[in-house]
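A.B. asks: the sequence and its predicted three-dimensional model are supplied below.
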Amino acid sequence: MQQDFSVETLPLKGAFRVRHKVFSDHRGMFKRLSCHQSLLDSGVDAQPRQVNASLTPKKGTIRGMHFQHEPATETKIVCAMSGSLFDVLIDLRPDSDTYLQWYGEQLSGESHSSLIVPPGFAHGFQTTSDNVLMMYLNSTDYAPDLESGIHPLDPSIAVAWPLPVTELSAKDSEHSFIDSTFNGISLGTFEGT
Ligand SMILES: Cc1cn([C@H]2C[C@H](O)[C@@H](COP(=O)(O)OP(=O)(O)O[C@H]3O[C@H](C)C(=O)[C@H](O)[C@H]3O)O2)c(=O)[nH]c1=O
């Protein structure tokens, strides 16, 4: 039986794709954006503490690559509500076999799929249509003092963005490219405390 909210593994361990079952009728569409039990069944113990949304009018815009350091690392469910985009995760877990590797896939309001970004990852996307509405279900409170990022055009990561960049925030463009001093996101310090 197709579940209302099915969770699939991605090539970067700990990250997942969600496929949302769509209930359509003459009035339109309904879908479940998150389901704690389905997440638990897939080993994802995260509940939304904050829900955010962004609207990006211009095709080619990049938002990202963002993350938060301990103790504010977060699990983020990234949902495309309308428009289309190329969504990207970067593994910043120093002990991971896929450290500094990235994974990306197309999301759209019509694909009815979302990505689950686990702690230790940077997240961002490039719009591939105009008027992209995104919704984020974050497991942790926003912590600006613990927020950081990776420059989306960092050659050490080499994300294959599908379009030329049209818009980038000052904050995102000011990140220095990573070098040998970069240590990723430490996840061990606060476990169990
Ligand atoms: C995330 C966040 C931001 N803000 C404030 C901070 C800025 O003044 C303003 C815009 O934030 P930012 O420039 O970080 O927005 P985006 O560039 O769209 O970043 C978002 O999109 C990328 C792809 C992500 O993965 C992040 O989760 C999310 O930060 O909202 C808040 O007040 N609370 C919050 O929880």
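C.D. replies: Perfect, I can see it now.

A.B. asks: ok, now how distant is Glu174 from the ligand?
C.D. replies: 12 Å (C-beta to the nearest ligand atom, to the nearest Å). Glycine gets a C-beta too; all of them are placed from N, C-alpha and C.

A.B. asks: any idea how far Pro94 is from that residue?
C.D. replies: For Glu174, the distance to Pro94 (C-beta to C-beta, to the nearest Å) stands at 24 Å.

A.B. asks: with Ala160 instead?
C.D. replies: Distance from Ala160 to Pro94, by C-beta to C-beta: 24 Å.

A.B. asks: one more: Val165?
C.D. replies: Separation of Val165 from Pro94 (C-beta to C-beta): 28 Å.

A.B. asks: what does Gly184 give?
C.D. replies: According to C-beta to C-beta, Gly184 and Pro94 sit 4 Å apart.

A.B. asks: between the two, who's got more neighbours?
C.D. replies: Remark: of Gly184 and Pro94, Gly184 carries more neighbours, 19 against 15, as counted by other C-beta atoms under 10 Å.

A.B. asks: please look at that one and Thr98 and confirm they touch.
C.D. replies: No. The criterion here is C-beta atoms under 8 Å, and Gly184 misses it with Thr98 at 11.6 Å.
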